[in-house]
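1. build me a model from this:
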Amino acid sequence: MRAARVALVGVHGFGTHHLHNLDRLHAAGVVELVAVADPQPPAPESVPETAAVFPGLPELLAATPDLELIIVATPIQTHAPLGLAALETDTDLYLEKPPVASLADFNTLCEAAQKSGRSVQIGFQSLGSHALQAIEELLASGAIGTLQGISATGRWVRDRAYYKRSRWAGKRSIDGVDVVDGVATNPLAHAVATALRIAGARTMDDVASVETDLYRANDIESDDTSVIRIRTAAGLPVTCA
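-> Numbers count the residues shown, from 1 in each chain. The predicted structure is shown next:
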């Protein structure tokens, strides 16, 4: 089997996890990391010598033909333009969560994905877990009773250093561009996505209502202490806090 040609956009922050995983997959003969892009140079020896390094995605795309997958692991506010640029090529897209910062950008990205015919996956790792399939089978068979509701709780502590780690951390917007780096859109996003999957909510039509209580203890623009109450179209309550 030929290794898939992959490019990674964003080699710092969470991008370092992708570099480690790509190294593992390369050793297994599954992928070949042919190029990376980041305005900041990669850390020494973090990128294979065979991978080309570019300051941005436009330069990477201009010089790197025949890509099969582009991974975007960059700040939230860059997801929409980078994702759209990737979908203009004949390449599948893996976009880190949250996919974008606004519903308008989400709709635009969905339209572009449908038009391109390419596969788009968002970085919600739990959705690929065998555990979710097992839970769904247990629910479908009635082995654990009837689902009455779903709740998810996150007790992570985010100190000042967390919000000082980058220019966009804890921001609602930067230079007029939506960032919306809050609890439900970033750290608790995995819990929200997993709960919706168990609830059988696959599209926006499967969600009847969303209510939020958003607070902050830190001196930031966005929220750091939050409650999200969702009711599905089938009437199932989902609460994440």
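
2. by mean pLDDT, point me to the weakest helix or strand of this structure.
-> Least confident helix or strand of the chain, by mean pLDDT, DSSP states H and E, is helix 160-164 with a mean of 93.

3. can you identify the element that follows it toward the C-terminus?
-> Per DSSP states H and E, the first helix or strand lying C-terminal to helix 160-164 is strand 173-174.

4. can you list contacts of that following strand?
-> Contact with strand 173-174 is made by 77, 167, 168, 179, 180, 221, as judged by Cβ atoms under 8 Å, 6 or more residues apart in numbering. C-beta: built from backbone N, CA, C; applies to glycine.

5. ok, the helix or strand following that strand: who's next to it in the sheet?
-> Counting by DSSP H and E, the next helix or strand C-terminal to strand 173-174 is strand 177-178. Strand pairing for strand 177-178, using DSSP bridges, gives strand 173-174 (antiparallel).

6. quick one: mean pLDDT over the strand it pairs with.
-> Averaged over strand 173-174, pLDDT sits at 96.

7. quick revisit: buried ones in the least confident helix or strand of the chain?
-> In terms of neighbour count (16 or more other Cβ atoms under 10 Å), helix 160-164 has its buried residues at 162, 163.

8. how about the strands in the chain?
-> Secondary structure of the chain (DSSP state E): strands at 4-9, 31-37, 52-54, 69-72, 92-95, 120-122, 150-152, 173-174, 177-178, 207-215, 225-232, 237-240.

9. and the fourth one, what does it pack onto?
-> Yep, that's strand 69-72 we're talking about. strand 4-9, helix 79-87, strand 92-95 (3 or more Cβ pairs under 8 Å, 6 or more residues apart in numbering; DSSP states H and E).

10. so what's the gap between that strand and the chain middle?
-> 12 Å (Cα atoms, centre = their mean, to the nearest Å).

11. mind giving me the domain split of the chain?
-> Annotated domains of the chain cover 4-123, 141-240 [automatic domain parsing].

12. from what I can see residue 171 touches residue 181, true?
-> Yes: proximity of residue 171 to residue 181 meets the contact threshold set by Cβ atoms under 8 Å, at 5.6 Å.

13. low-confidence stretches in the chain?
-> Counting by pLDDT under 70, the chain shows no low-confidence range.

14. quick one: contacts for the most centrally placed residue in it?
-> Centroid-nearest residue in the chain: residue 97, 1.5 Å away (criterion: Cα atoms, centre = their mean). Residues in contact with residue 97 (Cβ under 8 Å, 6+ apart) are 122, 123, 124, 186, 189, 190, 193.

15. closest to residue 60 out of these?
-> Minimum distance to residue 60 across these is 19.6 Å, recorded for residue 123 (Cβ to Cβ).

16. okay, the closest one and residue 239: tell me how far apart.
-> Separation of residue 123 from residue 239 (Cβ to Cβ, to the nearest Å) stands at 23 Å.

17. who's more crowded, the two?
-> The neighbour comparison of residue 123 against residue 239 (other Cβ atoms under 10 Å) goes to residue 123, with 20 against 16.

18. next one: that one from residue 183, what distance?
-> Counting by Cβ to Cβ - residue 123 and residue 183 are separated by 17 Å.

19. likewise for residue 176?
-> For residue 176, the distance to residue 183 - Cβ to Cβ - is 23 Å.

20. show me which of those two is the more surrounded one.
-> Per other Cβ under 10 Å, whichever of residue 176 and residue 183 has more neighbours is residue 183, with 26 against 5.

21. many thanks, have a good one.
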